[in-house]
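**Student:** Only the shape, not the letters, is given here:
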C-alpha cells in the first residue's frame with residue numbers, strides 16, 4: 001500500500017502543475033538577479049575575475065569504480081564518459097562514448113565501450129555497443145511474474161548488480177562477447193537509414209543450481225528453456241544483420257533539453273552468419289524532451305519508451321531482452337539488471353528534471369517513475385498481464401556546462417527491491 005501511495009505521489013509530481021511552482025520561484029529570482037547563466041563545478045574552482053576560457057571541443061570524465069558485494073567480491077576499476085565534436089558545433093551534434101573496465105576478487109572481468117557518434121555536419125550516425133564479460137549474474141526465468149515477487153526476499157543493488165543473496169534467483173556464470181555496430185546515413189535532415197552487424201556469443205555457461213543427478217532433479221529456467229528450444233546449455237551464438245531507421249532532433253546526446261529520438265531496428269539472425277538457429281527481432285524506441293521554462297531549459301520533463309519483440313524463430317535464453325540490457329544498460333532503476341526477461345519486453349519511464357541551486361544551477365534534481373512488462377510464451381503469459389513499477393529520485397551536479405555533463409546519483413525503488421546508481425551521463 002505504501003508503494004502505491006509513493007507511485008501516485010510521483011505521478012502527480014511529474015505532471016505539468018509542477019511547472020507553476022518552480023516557475024514562480026524563477027520569476028522572483030529573476031527580479032533579484034536579472035540573469036540565470038548556467039554554471040558548473042569548474043566555475044567554483046577558477047580564480048575570481050579570471051577571464052573565461054573558450055569552450056573546448058572535447059571533454060573527458062573518468063571516475064573510479066569501487067564497490068563490494070556478494071556477487072563480485074571487491075570490485076576495482078574505472079568508468080567514464082567522453083564527449084567531442086567531429087565538426088563545427090553549428091552544424092554537428094556532440095558525440096559521446098561511455099566506457100568501463102573492472103576486475104573483481106572473484107576473478108570476474110567486465111569491460112565495455114558504448115558510442116553514439118555524429119560525423120562532420122551530421123552526415124553519418126554511428127551506434128556502437130562492444131562488451132566483454134567474464135561474469136556471473138542471477139536470473140529468474142521469463143515474464144514479469146517469474147518468480148512471483150512475493151517469494152523473493154528484499155534485495156539491494158549497486159549500479160544494477162545484485163548485492164544480496166537473493167532468494168528465488170538462479171545464478172549463471174559465463175563469458176560474454178558482444179559486438180554491435182550500426183552505421184546510418186542522413187537521407188534528410190534529422191532522418192537516417194542504416195545497416196548494422198550484431199554478434200552475441202556466450203560460452204563456458206555454468207548453471208550453478210542445476211542438479212540432474214539428484215532425486216528429484218533441480219531444474220533451472222535456463223535449462224528448461226534451452227531443452228524446450230533445442231539450444232546447447234554451455235554455449236551459443238546469435239549473429240545477424242539489421243536494417244535501421246533513426247529520427248533525431250535532440251539538441252544534445254549527453255543531456256538533451258529538447259527534441260525527440262526515434263530508433264527502429266529490425267535484426268535478422270541467420271544460421272549462415274553463425275547463429276545456432278534462424279530468428280529475427282524488432283527493437284522500437286522513442287525518447288522525447290520538453291522544457292518547462294524558457295529561461296531555464298534544464299527544467300524539463302522527459303519520456304522514454306522502448307520495446308523488443310521476437311518476430312520469428314527462437315533465440316538463446318541469455319540473448320532474450322532483459323531489464324538493464326539496453327545499449328546504455330540504464331533501464332530499470334530500482335531493480336537488479338536482468339530481473340525481468342522475455343521473448344517480448346516493453347519498458348517505459350518518465351523523468352522530471354529541475355534545478356535546485358537557483359542562481360548557479362550547478363545542483364539539480366530528478367524524480368522518475370518506470371514500468372516493465374515481459375512475456376513468457378511457453379506459459380501463455382503475454383505483455384501487460386503483469387506490470388512491475390519503479391520510482392525514485394536523484395541529484396545532478398553540473399561538471400561541464402558546455403557538454404552538459406553531470407555527475408549523477410540516483411536512488412531507485414521497486415517491489416521488494418532498491419538500487420543506487422552513480423554515473424556521468426543521463427539515464428536517457
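**Tutor:** It's in. Values in this document were obtained by computation on a predicted structure and should not be read as measured data.
**Student:** And the residue positioned nearest the centre of the chain, how far from residue 408?
**Tutor:** The centre of the chain sits closest to residue 330, judged by CA atoms, centre = their mean, with a distance of 1.9 Å. Going from residue 330 to residue 408 by CB to CB, to the nearest Å gives 10 Å. Heads up, the C-betas are built off the backbone N, CA and C, glycines and all.
**Student:** So which residues of the stretch 301-428 of the chain form strands?
**Tutor:** Along the stretch 301-428 of the chain, the stretches classed as strands by DSSP state E, counting those that start in this stretch are 344-355, 363-374, 388-400, 405-414, 417-423.
**Student:** Tell me the pLDDT of the residue nearest to the centre of the chain.
**Tutor:** Model confidence at residue 330, given as pLDDT, is 86.
**Student:** if we can go back for a sec, mean neighbour count and distance to residue 88 for the strands of the stretch 301-428 of the chain - can I get that in a markdown table?
**Tutor:** As requested, the strands of the stretch 301-428 of the chain are exported to a markdown table (neighbours: other CB atoms under 10 Å; distance: least, CB to CB, whole Å):
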| stretch | mean neighbour count | distance to residue 88 |
| --- | --- | --- |
| strand 344-355 | 22 | 28 |
| strand 363-374 | 21 | 29 |
| strand 388-400 | 20 | 19 |
| strand 405-414 | 21 | 20 |
| strand 417-423 | 20 | 29 |
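**Student:** Which one, of the ones you listed, ends up nearest to residue 176?
**Tutor:** Closest to residue 176 of these is strand 344-355 (CB to CB; 18.8 Å).
**Student:** Overlap in contacts, residue 330 and residue 408.
**Tutor:** By the contact definition CB atoms under 8 Å, 6 or more residues apart in numbering, residue 330 and residue 408 are jointly contacted by 423, 427.
**Student:** in stretch 251-258, what's buried?
**Tutor:** With burial defined by 16 or more other CB atoms under 10 Å, the residues of stretch 251-258 counted as buried are 252, 253, 254, 255, 256, 257.
**Student:** Could you do stretch 199-214 as well?
**Tutor:** The neighbour-count check on stretch 199-214 (16+ other CB under 10 Å) flags 199, 200, 201, 202, 205, 207, 210 as buried.
**Student:** Report the two of the residues you listed separated the most.
**Tutor:** Farthest apart among those by CB to CB are 199 and 210. That separation is 26.4 Å.
**Student:** Run a quick neighbour tally on residue 274.
**Tutor:** 13 (other CB atoms under 10 Å).
**Student:** What strand or helix carries the closest residue to it other than its chain neighbours?
**Tutor:** Leaving aside its chain neighbours, residue 274 sits nearest to residue 239 (3.9 Å; criterion: CB to CB, 6 or more residues apart in numbering). Per DSSP states H and E: residue 239 is located in strand 236-248.
**Student:** what's in contact with that strand?
**Tutor:** Residues from elsewhere that reach strand 236-248 (CB under 8 Å, 6+ apart): 93, 125, 182, 184, 190-202, 259-270, 273-276, 279-280, 315-316, 318-319.
**Student:** any chance you could map the helices in this structure?
**Tutor:** For the chain, the helices defined by DSSP state H occupy 2-14, 17-33, 41-45, 221-228.
**Student:** Please work out the average pLDDT along the third one.
**Tutor:** For helix 41-45, the mean pLDDT works out to 70.
**Student:** beta partners of residue 112?
**Tutor:** Residue 112 forms beta bridges with residue 100, residue 131, as assigned by DSSP bridges.
**Student:** That one: what's it in contact with?
**Tutor:** So residue 112 contacts 98, 99, 100, 129, 130, 131, 132, 329 (CB under 8 Å, 6+ apart).
**Student:** show me what contacts the fifth one?
**Tutor:** Each residue near residue 130 by CB under 8 Å, 6+ apart is listed here: 112, 113, 114, 178, 179, 180, 181.
**Student:** Going by neighbour count, which of these are buried?
**Tutor:** Applying 16+ other CB under 10 Å to the contacts of residue 130 flags 112, 114, 178, 180, 181 as buried.
**Student:** thought the fourth one was touching residue 126?
**Tutor:** The one in question is residue 180. No - applying CB atoms under 8 Å, one finds residue 180 not in contact with residue 126, separated by 11.2 Å.
**Student:** Excluding residues flanking it in the chain, which one is nearest residue 299?
**Tutor:** Closest residue to residue 299 apart from its sequence neighbours, by CB to CB, 6+ apart: residue 293 at 4.3 Å.
**Student:** neighbours of the one you found, just the number please.
**Tutor:** Using other CB under 10 Å, residue 293 has 17 neighbouring residues.
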